[in-house]
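J.: just a sequence and a predicted model for now, questions to come.
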Amino acid sequence: MCGCIDSWYKLYINKYLYFRTLPFDVFVRRAAEVKHKEYFLTEDEKYYLRSVGEDVRKDIADIRKQFPILAEDVNIPEYFEKEQFFSSVFRISSAGLQLWTHYDVMDNFLIQVTGKKRVVLYSPQDAPYLYLSGTKSEVLDVDNPNLEKYPLFVKAKRYQCVLEAGDVLFIPALWFHNVISEEFGVALNVFWKHLPAESYDKTDTYGNKDPMAASRAIQILDRALKTLEELPEEYRDFYARRMVLRIQEKAYRNDYG
Ligand SMILES: O=C(O)CCC(=O)C(=O)O
Ligand SMILES: [Fe+2]
């Protein structure tokens, strides 16, 4: 493998991410070791690479374009039509690195190439118990949650699996996932469009922007809430509750609990 590929990685310290650039071989060496002789901030810092496109903001990651030689080693399951393909993201992680619980808006195959990784999943139905902020859950430690701060978290039903070399996990769109690398590992994931292509946000490079209709609906709701502020509290409360009932009646699935 060429040691001159300039790459970038995310470094986690106390749940914070730092972006730095390293030659690819140095990055891999550091990600594979637990204690570093050379490091940026601490000798036990962890490393994470999430590949991106040529233009970080505009281009979509495709391992076949950015790492063509490595891509030859992996067979992406032919499970969807070619036109539905969105991205294939190369991921390398230090042992012990944990990614916060989040959802993505596309169907996904997470393909583990080497190393062990634990994935904890929650259904989209459990969103009310996950304390979401955008696409992320505020509950960082899913094994030992702060229940004083997040009391409803106990209601979220946890699904768990451990991926080993050669395993592929299907993560359906909107399913929450929390990933911890139990060993240094190499993986890739493939996102594909399950909805008609025009439903997705054209400016989405990472597969995590809400579908256009969903973000428009949320904007309209925010405007409705602003409008309610024109009323005194008692009335605002009454009409807000009526709006909730209307949403439940008109938009909820009736086969959900
Ligand atoms: O395995 C990882 O490092 C992250 C996986 C992930 O979040 C994804 O495939 O969407
Ligand atoms: Fe994800």
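T.: Nice, I can see it. Ligands and ions are numbered 1, 2, ... in the order given.
J.: does residue 131 touch residue 137 like I think?
T.: Yes: assessed by C-beta atoms under 8 Å, residue 131 is found in contact with residue 137 at 5.9 Å. Backbone N, C-alpha and C define where each C-beta goes, glycine included.
J.: tell me the bridge partners for whichever residue of the chain sits closest to ligand 1.
T.: Closest contact between the chain and ligand 1, by C-beta to the nearest ligand atom, is at residue 189 (3.4 Å). Using DSSP bridges, the bridge partners assigned to residue 189 are residue 89, residue 110.
J.: per-residue confidence for it?
T.: The per-residue pLDDT reported for residue 189 equals 96.
J.: and it, how many neighbours?
T.: 22 (other C-beta atoms under 10 Å).
J.: mind giving me the domain ranges of the protein?
T.: Here the domain parsing of the chain from automatic domain parsing is 1-50, 65-209, 214-256.
J.: chain center to the second one: distance?
T.: Right, domain 65-209. Remark: domain 65-209 is offset 5 Å from the chain centroid, using C-alpha atoms, centre = their mean, to the nearest Å.
J.: also the shortest one?
T.: A distance of 28 Å separates the C-alpha centroid of domain 214-256 from that of its chain, computed with C-alpha atoms, centre = their mean.
J.: what's the average pLDDT for it?
T.: Rounded mean pLDDT across domain 214-256 is 95.
J.: same deal with stretch 162-181?
T.: Stretch 162-181 comes out at a mean pLDDT of 97.
J.: about what we covered before: show me which of residue 131 and residue 137 is the more surrounded one.
T.: Neighbours per residue, other C-beta under 10 Å: of residue 131 and residue 137, the larger number sits with residue 137, 25 against 18.
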